[in-house]
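[1] Sharing a sequence plus its predicted fold:
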Amino acid sequence: MSVLLEFAIFPTSDNCREGASVSKQVAKIIDAIDKSGVKYQLTPMGTVVETDTMREALDVIALAYEQVKECERVYSSLKFDIRHNSENRMANKIKSVESNLQRVVIK
C-alpha cells in the first residue's frame, strides 16, 4: 500500500511567529521529518510524504505537531491519496505527467 499525504501545519498565534512569517516553525517540522527517514517533498504550500501505512502517515502528523505544540493556535490541512498494490508514487506520478507532456510537445 502507498499512502500519499499532503499537509500544511503552522502556528497562527503571535507567540510562535515573527510578524507574518512562520518559516522558522515550518523548518523545525521539516527537520524532524527529515531525521525520521520518511520520504518527503517540501513544496511552497505544504509538504508531501509517502508511507506504507495510514498509521505511519498519521505518525508524521503527530511528529509535526510535536514541533509546534507550544504554540497557542496551530492550523493544519491534510489530504490523503491511498492506493493498494503501488509504491514510489511521489516520483511515479510526476514521471507519468511528464511523459504525457512530452507526447503533447512532440505532436
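    Received the coordinates, thanks.

[2] Going by C-alpha atoms from here, please, whenever you check contacts or count neighbours.
    OK.

[3] the strands in this protein, which residues?
    Taking DSSP state E, the strands of the chain run over residues 2-11, 39-43, 46-51, 74-83.

[4] Out of those, which is the most enclosed?
    Ranked by average neighbour count under the criterion mean count of other CA atoms under 10 Å, the strands of the chain are headed by strand 2-11 at a mean of 22.

[5] rewinding a little: mind putting the strands of the chain in JSON lines, mean pLDDT included?
    Rendered in JSON lines, the data for the strands of the chain read as follows (pLDDT from 0 to 100):
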{"stretch": "strand 2-11", "mean pLDDT": "97"}
{"stretch": "strand 39-43", "mean pLDDT": "97"}
{"stretch": "strand 46-51", "mean pLDDT": "98"}
{"stretch": "strand 74-83", "mean pLDDT": "97"}
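
[6] who touches residue 71 in this structure?
    11, 13, 15, 16 (CA atoms under 8 Å, 6 or more residues apart in numbering).

[7] Apply 10 Å and report the result again.
    10, 11, 12, 13, 14, 15, 16, 17, 25, 65 (CA atoms under 10 Å, 6 or more residues apart in numbering).

[8] would you turn the residues you listed into CSV with distance to residue 37?
    Shown next, in CSV, are the contacts of residue 71 (distance: CA to CA, whole Å):
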residue, distance to residue 37
10, 21
11, 24
12, 28
13, 29
14, 31
15, 30
16, 26
17, 27
25, 19
65, 17
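
[9] If any of these are buried, give me the ChimeraX selection for them.
    Command for ChimeraX, covering only those of these found buried under the criterion 16 or more other CA atoms under 10 Å:
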select :10,11,12,16,17,25,65
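
[10] Among the contacts of residue 71, which are located in helices?
    Judged by DSSP state H, helices contain the following of the contacts of residue 71: 25, 65.
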